[in-house]
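K.L.:
sequence-free structure coming up:
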């Protein structure tokens, strides 16, 4: 059973503005290789800062909203653990699943 979350929606909006590849892959619950495949396919656009590659929070939100079955097309005002509706829901599920 997931740990109880005491964070507010405001707390979740204070997420970093960008994520390393490893962090983005964890949030999306995919391997780094799968994330790189999405990048190569053009589904996710990375941003470089020197030699480092990042995925911005806005880009993750765009990707999540574009996923069939969970995203903007499923938004009804209620969050559901089976069908996350926005990035903060996805992150909350990933962060709070394991105590």
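P.N.:
Perfect, I can see it now. None of these values were measured; they are calculated from a predicted model.

K.L.:
following the strand ranked longest in the chain, which helix or strand comes up?
P.N.:
Counting by DSSP state E, the longest strand found in the chain is strand 52-56. Downstream of strand 52-56, the first helix or strand assigned by DSSP states H and E is helix 57-66.

K.L.:
Number of residues surrounding residue 24?
P.N.:
Neighbour count for residue 24, taken as other C-beta atoms under 10 Å: 25. Heads up, the C-betas are built off the backbone N, CA and C, glycines and all.

K.L.:
Ok, residue 15 next?
P.N.:
By the measure other C-beta under 10 Å, the count of residues near residue 15 is 16.

K.L.:
can you tell me how far it sits from residue 40?
P.N.:
Per C-beta to C-beta, to the nearest Å, residue 15 is found 25 Å from residue 40.

K.L.:
The longest strand of the chain packs against which elements?
P.N.:
On a contact count with 3 or more C-beta pairs under 8 Å, 6 or more residues apart in numbering; DSSP states H and E, strand 52-56 meets strand 18-20, helix 21-28, strand 47-49.

K.L.:
could you dump these to CSV with mean pLDDT and distance to residue 36?
P.N.:
CSV is the format used below for those (pLDDT from 0 to 100; distance: least, C-beta to C-beta, whole Å):
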stretch, mean pLDDT, distance to residue 36
strand 18-20, 93, 13
helix 21-28, 91, 7
strand 47-49, 95, 14
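
K.L.:
Columns distance to residue 60 on top of these, output as JSON lines?
P.N.:
Shown next, in JSON lines, are the helices and strands packed on strand 52-56 (distance: least, C-beta to C-beta, whole Å):
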{"stretch": "strand 18-20", "distance to residue 60": "7"}
{"stretch": "helix 21-28", "distance to residue 60": "6"}
{"stretch": "strand 47-49", "distance to residue 60": "12"}
